[in-house]
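Trainee: dropping the sequence and predicted coords here.
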Amino acid sequence: MSRPTLFALQVLVAVVCIVLWQVLSTVPVFGKILLPPFFFSNPFDVFSQIVKWFASGVIWKHLGITLAESILAFVIGSAGGVLIGFWFARQPLVAAVFDPYVKMVNALPRVVLAPIFALWLGLGIWSKVALGVTLVFFIVFFNVYQGVKEVSRTVLDNGRMLGMSERQLMQHVYWPSALSWMFSSLHTSVGFAVVGAVVGEYLGSAAGLGYLIQQAEGVFDVAGVFAGMFVLSAFVILIDFGVTLVERRLLVWRPTASDGRG
């Protein structure tokens, strides 16, 4: 399937969902509105709220703060996950010693950590960044660790037989193996970095998309809540697109699905 066709189908799904939402929230079906506007709002009101935010400029400050928190959480969490994942995979003894502690920390509910980070780091951006890092780190860590461990023993033996040093093995064998796993985790991590920032803002802040959503919820402004979620979704898609561009640049050696077609 060509990319334009795939994109058209994706847009069609969104259009159908929005049309159904508009119809079911405004047109009575058997004398009853199936999606009461008080609880579900409608696409027109949500779109109007988004336009109002951007036209007045009020959204830019909040968007900038959430963007900064998300990028910091994504970069710090990803870098830590890659480095420690490589280290654990190359040092089995270290991995065995810390294995129960890694699992224990990973099992902690992140919502419980949010007030602790706020207590330690205050209500500024760093408490939100810390929460995002805890979400991103483990996703990247486990994928990189598995990617390095999945390196073919035959490829390693052949490399050593050809006289490759450990540094060369790292550059030409371990790193390419981990890259595919790492980027698959980064696509997931983008969303979690934003989730960490927004949840932190929702629980305690004076700015950010999470703050906007919390304020709208506090006055039963359902259109504002949905508007915040739509802006957030578009925000994540744009960041994920950036990750995809970097992935294509670094994984040019990887064969595509079409390479094997006759």
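Mentor: Yep, that arrived. It should be emphasised that the depicted structure is a prediction, and the values quoted were computed from it without experimental measurement.

Trainee: identify each buried residue in stretch 98-117, please.
Mentor: The neighbour-count check on stretch 98-117 (16 or more other Cβ atoms under 10 Å) flags 102, 110, 113-114, 117 as buried. For every residue, glycine as well, the C-beta is placed using N, CA and C.

Trainee: can you list the low-confidence ranges for the stretch 151-262 of the chain?
Mentor: Low-confidence segments of the stretch 151-262 of the chain (pLDDT under 70): 152-153, 155-157, 166, 171-172, 250-262.

Trainee: do a quick rundown of the helices in it.
Mentor: Taking DSSP state H, counting those that start in this stretch to define them, one finds helices in the stretch 151-262 of the chain at 153-161, 166-169, 175-203, 209-218, 222-250.

Trainee: what about Glu217, how many neighbours?
Mentor: A count of nearby residues for Glu217, using other Cβ atoms under 10 Å, gives 14.

Trainee: strands along the stretch 51-200 of the chain, start to end?
Mentor: When assigned using DSSP state E, counting those that start in this stretch, the stretch 51-200 of the chain turns out to have no strands.

Trainee: next up, the contacts around the residue nearest to Leu67 when sequence neighbours are not counted.
Mentor: Spatial nearest neighbour of Leu67, excluding adjacent residues (Cβ to Cβ, 6 or more residues apart in numbering): Phe235 at 7.3 Å. Counting by Cβ atoms under 8 Å, 6 or more residues apart in numbering, Phe235 makes contact with 63, 66-67, 70, 194, 209.

Trainee: among the residues you listed, which two are most distant?
Mentor: Using Cβ to Cβ, the contacts of Phe235 span at most 11.3 Å, a distance reached by Leu63 and Val194.

Trainee: what about the closest residue to Ser189 other than its chain neighbours, how many neighbours?
Mentor: Leaving aside its sequence neighbours, Ser189 sits nearest to Val136 (Cβ to Cβ, 6+ apart; 4.4 Å). Look at Val136: counted by other Cβ under 10 Å, it has 30 neighbours.

Trainee: excluding chain neighbours, give the residue nearest to Phe138 in space.
Mentor: Asn106 (4.8 Å).

Trainee: I'd say the one you found and Leu135 touch.
Mentor: No. Using Cβ atoms under 8 Å as the test, Asn106 is too far from Leu135 to be in contact (10.2 Å).

Trainee: quick revisit: quick check: the residue nearest to Ser189 touching Phe192?
Mentor: Yes. Contact status for Val136 versus Phe192: in contact at 5.6 Å, counting by Cβ under 8 Å.

Trainee: ok so, going back, from Phe235, how far off is the residue nearest to Phe138?
Mentor: 26 Å (Cβ to Cβ, to the nearest Å).

Trainee: what's around Ala95, how many residues?
Mentor: 17.

Trainee: with Asn158 instead?
Mentor: 12.

Trainee: residue most distant from the centroid, this protein?
Mentor: Residue farthest from the centre of the chain, counting by Cα atoms, centre = their mean, is Gly31 at 41.9 Å.

Trainee: domain map for this structure?
Mentor: Domain segmentation of the chain under automatic domain parsing yields 1-40, 43-250.

Trainee: how far does the last one sit from its chain's centre?
Mentor: Taking Cα atoms, centre = their mean, to the nearest Å, the mean C-alpha location of domain 43-250 is offset from the chain mean by 5 Å.

Trainee: likewise the shortest one?
Mentor: For domain 1-40, the separation from the chain centroid amounts to 25 Å (computed by Cα atoms, centre = their mean).

Trainee: can you give me the end-to-end span of it?
Mentor: From its first residue to its last, domain 1-40 covers 35 Å (Cα to Cα, to the nearest Å).

Trainee: so for that domain, what gets flagged as buried?
Mentor: Across domain 1-40, burial judged by 16+ other Cβ under 10 Å covers 21-22, 24-25, 35, 40.

Trainee: ok, so of those, who is nearest Val219?
Mentor: Once Cβ to Cβ is applied, the member of the buried residues of domain 1-40 that ends up nearest Val219 is Phe40, at 16.7 Å.

Trainee: distance of that closest one from Val222?
Mentor: Distance, Phe40 to Val222, using Cβ to Cβ: 7 Å.
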